[in-house]
Each structure stands twice: as C-alpha cells, then as structure tokens.
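In: What shape does this take:
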Amino acid sequence: MNVCFRALRRARNGEPLRLLLVLFLLYALHASKLYASEQEPGGAQALKQMSLEQLGDVKVTTASKEPEEVWNTASAIFVITQEDIRRSGATNLPDVLRLAPGVEVAQLDSDKWAIGIRGFQGRLSKSVLVLIDGRSVYTPLFAGVYWEVQDVPLEDIERIEVIRGPGGTIWGANAVNGVINIITKSAKDTRGLMLSGGGGNVEHGFLTARYGGGDDKFSYRLYGTGFSRGSQFHSDHMEFDGWEMGQGGFRTDWDPTPRDTVTIQGDAYGTVAGQSQGISTYTPPALVVADDNGYFFGQNVLGRWRRSISSSSDIQVQAYFDRTDRHDINYREIRNTFDLDVIHHIILPRNEFIWGGGVRVSPSHFIQTVPSVIFTPEYQTYNIFSGFVQDQIAIVPQRLSFIVGTKLEHNSFSGFEVQPSGRLLWTPNDHQTIWAAITRAVRTPSRIEEGFQFTNLATTNPLPIYVRLIGDGDFSAEQLNGYEMGYRALFTPSVYVDVATFYNQYDDLLSVELHTPFVEPSPSTHLILPLYLRNGILGNTRGIEISPVWNMTKWWRLKGSYSYVHLSMRDKSTSIDVSTVRQLEGDSPQHTAVIQSYFELPRNFQFDLAYRYVSSLPDLQVPAYSTADARLGWRINRQFELSLVGQNLLQPEHVEYGGDPGPLVGIRRGVYGKVTWTR
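Out: As a prediction, this is how the structure comes out:
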C-alpha cells in the first residue's frame, strides 16, 4: 500500500487519476480472488442485478402502451434499470441516457445538453419524444425538450425505456427517431425514510429527502430534492453556466378494489440556470453577448385510473395538467397544457387489440423582452386531437405475429396526419427474437415555424445589416419512412446480445432559404437579409446498434454497446440552402462505443468502470474524445451506503458540443462523494 501512495505522489500532468483507475482495477482483481475463496463451493453470491434471462423477461410499456416482455417486443428497445442508474454514478437524466445504445448525448456546458437518437443530435432533441410517467415534456414553442428543467430523483426511477426508431403509431407526432419513457417507482416500493446527499468539485452539493408510507391498498410518498452545480471550463474565463435547482413532489397509489388501480402524482420545481446569449439592438446597432441567469418554474399533476374489466380486457384513463414559466435572457413564455388519454386493451384468441384516443390543449403566452426575438400572436393555443388502433395478429401462436396499426391525428399547425406501421415478430424459442418493421412518423411544425422572427446583427459598415430568421407558417410536417430489423438472443446463461439495424428516409426537413434583401426604415435605417424556414432538405440515414452483456463470473459483469449512424442529406432542387445539410451531417457522431464493468467485491464493496468513445463532429469542430467514469461503493449495512465517483477522468476537460457564444466549453473532470441513508 505504501508503494501505491508513493507512486501517486510522483505522478504528474493528470497521471494520478489514470493511475488510480489502474490501482482500483488491480485491487478489484485481487479482491475478487478473495471474494471467490470466501464462498462455499457452488454457493457463490450472484451479482446484485437481475440475471440475463430476466433482462428479456422485463415488462415494458413504451412499445404498445401495454405491458409486454422485451422478448415479445418488435422494436429496438433498451431498458435502463434502477441498478444501472445507481451504479453509473450519474447525477442527472442526460448522463443516465448515455447508457443506452443509439442515443447520442453531448454536453454543451454545465446545464445544457444536445441529445439525439440515430442522428439529428441537437440542443432541443426535436425528433425525440420524452415522457415522464406518461407525461410529455416536449415543448411546441421551439420543438423539443429543455433538459435543464427535467429532473426526477434518480433513486425513485424504476426504469427508463428507450425506443430507437419511430414510435408515431402509438405516441403520435414528434416520436420520429425515438421515444424516451422515464418510469418512476410505485409508492408501494418507496416506503420509509431516505436521505441522500453529497458533493464535489463540479457537483458542489446535492440533497434528496423522501418519505413514504401506507398499507397494501394505499401508499404515498413525498420528496424534495435540490442541487448546486459549478461552471464548466471556459478558456475565456466567462464562467456563466452555474446551475441550481429545487424540486418537490408526491405520489399516491391506491387499489380501491381488486380490479382498479389509481395513481395521482405531482411535482413543482424552480431552476436558476446560467446562460450566454447574443442580443441585437437597432438603436444603436449593436450585438451584445449577455451573460445572465434564466429563471424557470413549473408545476404538474397527473392522474391515472386503470380497471381490469376481465382477464382479457382492461381500460386506462390518464389526464394531466402541466404549467411552465420560462424566463430566458431573451424571451419569456408561460404555457399551460391539459392532456387526456383513454386506452382500451382487448385480448382475443388470435388477436391482441389496443385502441384509444386523446386530446391536448396547450395555450401559451409569449412575452417579448428584447427587440430581436418576436412571436406573433403573443397568445396562441396549440391543440392536438388523436386516435390510434393497433392489432397484434398471432399467425403462429407464441411464435409468429404480425402487428399493424396507425395513428390519426389533427394538430393546429399542419392539420391532419397519418402515421401507420407494420411489424413482424418471430420468436423461434423463449430466448430468441427476430423482428422487422416499416413505419411512418412526422415531426409537426412548432411555433418557431409559425409567426417567429429572430434578428441578428451581421455588420455595421457601411450600413447596418441584420440577418433575420423567419417562420411565417409556410412550413409543413417533416416526414420519415423507417425500415428496421432486429435480433436479440440469450446464447448462454452468461451471454446476451441485442442487435438492431435501420434505414430511414426523410423528406421535407427544415431548411433555411435566403429571399430578397430589403431595407427596413424603422427604428433606424438598416438592411435585412431574410432567411425563411422551409421544407427544402431530404435524405437518409442508416446504421447499426449492438449491445452485448456478458457475465464473466459470479462477481464480474461486462456490458457494452456500439452504435454507427451515417447521415446522407441533400437539398431539394427548389432549395438554395447552403448550410443546413452540412450541419445535419456534421452535428452527430458516426461512432459511439461504451464499455461498462461491474465488480462485486468482498465486504459489500462494489467497483464499477465505464469507458466511452465518441467520434468527431466536423461541423462544430469538435474532435473525437474518449473518457472514463469510475465508482467505488460500500454498503456498510442495510441503512448506510457510501460511494466515491469520478467522472470524465481521462483528461482535465474535453469538448463535446458547441452552441454558446465564444469558444467551445470544456466538460471538466469531476469527483464527488455521496452518502445514502434509508430506514
């Protein structure tokens, strides 16, 4: 041990953490021998995770809105379990999503991420539908998800289901490239008191408190959580991106009769997130980079009732209200969303039939705060009326099925949309699945394409010239026709593999078209270069995703994933866009690889490693990078657990994405400690 400490003292230039990883690994290998010798023959303690056979038996709901085993799912689905989350050492939802193959996650700064599935990685994840317990967090203002306000106590998550590929038939518009469904635990599973907290150099401090109680019929939980995070690395020393957030909420689960279950839950949050924005003015003509805080608040409440009508039929009704008040540096929006969905499920001798409908009403109020960002009208209501039907036909019972369905939807922006799909599912045996799918999905217009103007000063010499991005309503839905195939199998009790491949055809993608410049005399004379949002891009993507799991021994599990995606985009003959194709093709990595190692050590220690490689983003001038995380956990007894986590350990900082004014922000190496107490 003294030799180890002397080696650490001698290391220089970032080597101590690399050496620490090696020492941890050597210790783990040594301890594993001791661990094995402590067990009686044939009585070795299994990994504190589900077996590989159980991985395929997990019931998921995202693919069809009804529980079904992974083995019987004709989609590229991946499940992130609570154990995966705990042992990853992640402290936020975007970092947890790095565990899923085919999901591109890049951090811009301390409080912003760019996330995509099968390409189209972007700040707002416009082609991905994100749900928290069935509540959509997709905003129709800028078409996407604000990740800095999506927070769930990670200890309360049961699982995260990630579908790569279109899910419009079930979930409707904007489920184009994938669906992320975050599912929290039932209140029955969170009884008692839990306190969890810690801090470090980047994660300055975090604390979660939860209390639950009840009986077999009625259970509840209350929680509060908050954190403070420091800035990332800025070469210009403009450390604007501090981040603080507090959130509280509740959940109740009630079984009033043997046939009925009722869930009511709600949350409220407040966020202060550092921002940097370029703001243009007309008098005098100027472009000012403003570094300030954004203030975001939100509340939501959701109710769900499920009744088992018979052994072959059930109905579910869900309703929620969601209010957001977002005050960025350059605009403010207040939005209220009311949503109601009804689902009816019927099982017949050779058919499994599911149908339903829904309505969503979302009035919003835009408040202009700077002259360069305008939405008209200021008050607008976004409506969606939808219905869907899906039938799973058993061609050969328990072995071969054909799944056909469609979503019919009418929205305020693009009118009537149809999103059909056909899927084939073949299960040659209980531990092998082969599937194929053809699907259509759409990304409907948002307010940014309807009555939007964003103006940016380009030059002041000799005449002030402004570039103006304009969404005037002459924009239709983006379209996808997707073709997928997949295979998953349990080859041995120790080896599980899931493979999916895809080819997607896109049409009517957003382009930026330059029209005739004009002079604007007020408030002072200046020239406008108008860029209109149009549907001028088409193209295709293709790729493959591989995610194996290997139980090396009773005390060592390896998991990995490799994702490849190639985007080939082009302008339509009617388009004069000169930049969007390059951005689409160069803003997402072609290659992503992840290797995770889970060790069970003596005396209730756990040691976990994760290595990640992400290829370059040419359009953003972001080079390829590799990094690693490590976690050492110790379950002292049933009540106390300690953990030490290192993140991004291979270099002091690295760049993952761009988007803020100024130089690219480096994501810093971080270390934090955490203690969890349950009673």
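In: what sits against Asp57?
Out: 69-71 (C-beta atoms under 8 Å, 6 or more residues apart in numbering). C-beta coordinates here come from the backbone N, C-alpha and C atoms, glycine included.
In: let's see it at 6 Å
Out: Asp57 is in contact with Glu69, counting by C-beta atoms under 6 Å, 6 or more residues apart in numbering.
In: Phi and psi next, for it.
Out: With angles defined as degrees, to the nearest 10, Asp57 sits at phi -90, psi -10.
In: Same question for the one 5 residues further on.
Out: Reported as degrees, to the nearest 10, the phi and psi values for Thr62 are phi -70, psi -30.
In: So it sits against Glu161, correct?
Out: Yes - Thr62 lies in contact with Glu161 (C-beta atoms under 6 Å); the separation is 4.2 Å.
In: residues shared between the contacts of those two?
Out: Common neighbours of Thr62 and Glu161 are listed as Asn181 (criterion: C-beta under 6 Å, 6+ apart).
In: Show the contacting residues for Ala624.
Out: Shown in contact with Ala624 (C-beta under 6 Å, 6+ apart): 615-616.
In: Helices of the stretch 151-300 of the chain, start to end?
Out: Secondary structure of the stretch 151-300 of the chain by DSSP state H, counting those that start in this stretch: the helices cover 168-171.
In: Hmm, I typed the wrong one, I wanted the chain.
Out: Per DSSP state H, the chain carries helices over the ranges 2-10, 15-38, 52-57, 82-88, 93-97, 168-171, 580-586.
In: Where among the ones you listed is average confidence lowest?
Out: Ranked by mean pLDDT, the helices of the chain bottom out at helix 2-10, with a mean of 36.
In: Was I right to think Arg631 contacts Thr91?
Out: No - using C-beta under 6 Å as the test, Arg631 is too far from Thr91 to be in contact (11.5 Å).
In: Could you pull out the strands in the stretch 501-650 of the chain for me?
Out: Under the criterion DSSP state E, counting those that start in this stretch, the stretch 501-650 of the chain contains strands at 518-520, 526-553, 556-571, 591-601, 605-614, 625-635, 640-647.
In: same check, this time on the stretch 301-450 of the chain
Out: Using DSSP E, counting those that start in this stretch, strands in the stretch 301-450 of the chain cover 313-327, 331-347, 351-368, 373-375, 379-396, 400-411, 415-429, 432-443, 450-459.
In: Touching the second one from outside, list them.
Out: Spelled out, that is strand 331-347. With contact meaning C-beta under 6 Å, 6+ apart, strand 331-347 is reached by 65-66, 141, 312-326, 353-367, 369, 373.
In: Then stretch 80-92?
Out: For stretch 80-92, contacts defined as C-beta under 6 Å, 6+ apart pick out 49, 96, 99, 154, 157, 159-160, 203, 608, 629, 631, 645.
In: Between which two of those is the distance greatest?
Out: Across the contacts of stretch 80-92, no pair lies farther apart than Gln49 and Glu203, at 25.2 Å, counting by C-beta to C-beta.
In: Neighbour count: those two, which is higher?
Out: Glu203 (21 against 18; other C-beta atoms under 10 Å).
In: which ones are touching Thr139?
Out: No contacts exist for Thr139 under C-beta under 6 Å, 6+ apart.
In: Can you name the residues bridging to it?
Out: Gly144 (DSSP bridges).
In: Report pLDDT for it.
Out: 89.
In: Also Ile465?
Out: Note for Ile465: predicted pLDDT of 95.
In: now it: how far from Glu513?
Out: 18 Å (C-beta to C-beta, to the nearest Å).
In: Pick out whichever of the two has more residues nearby.
Out: Glu513 (19 against 16).
In: May I have the residues that are in contact with that one?
Out: Glu513 neighbours (C-beta under 6 Å, 6+ apart): 532, 534, 576-577.
In: Show me the beta-bridge partners of Gly192.
Out: Gly212.
In: Thr580 versus that one, what's the distance?
Out: Taking C-beta to C-beta, one finds Gly192 at 53 Å from Thr580.
In: the more surrounded of those two?
Out: Thr580 (18 against 12).
In: follow-up on the earlier one: for Thr283, which of the strands of the stretch 501-650 of the chain is the nearest?
Out: Nearest of the strands of the stretch 501-650 of the chain to Thr283, taken as C-beta to C-beta: strand 526-553 at 9.9 Å.
In: Can I have the buried ones of the contacts of strand 331-347 as a PyMOL selection?
Out: In PyMOL, a selection of the buried entries from the contacts of strand 331-347 looks like this (16 or more other C-beta atoms under 10 Å):
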select buried, resi 65+66+141+314+316+318+319+320+322+324+325+326+353+354+356+358+360+362+364+366+373
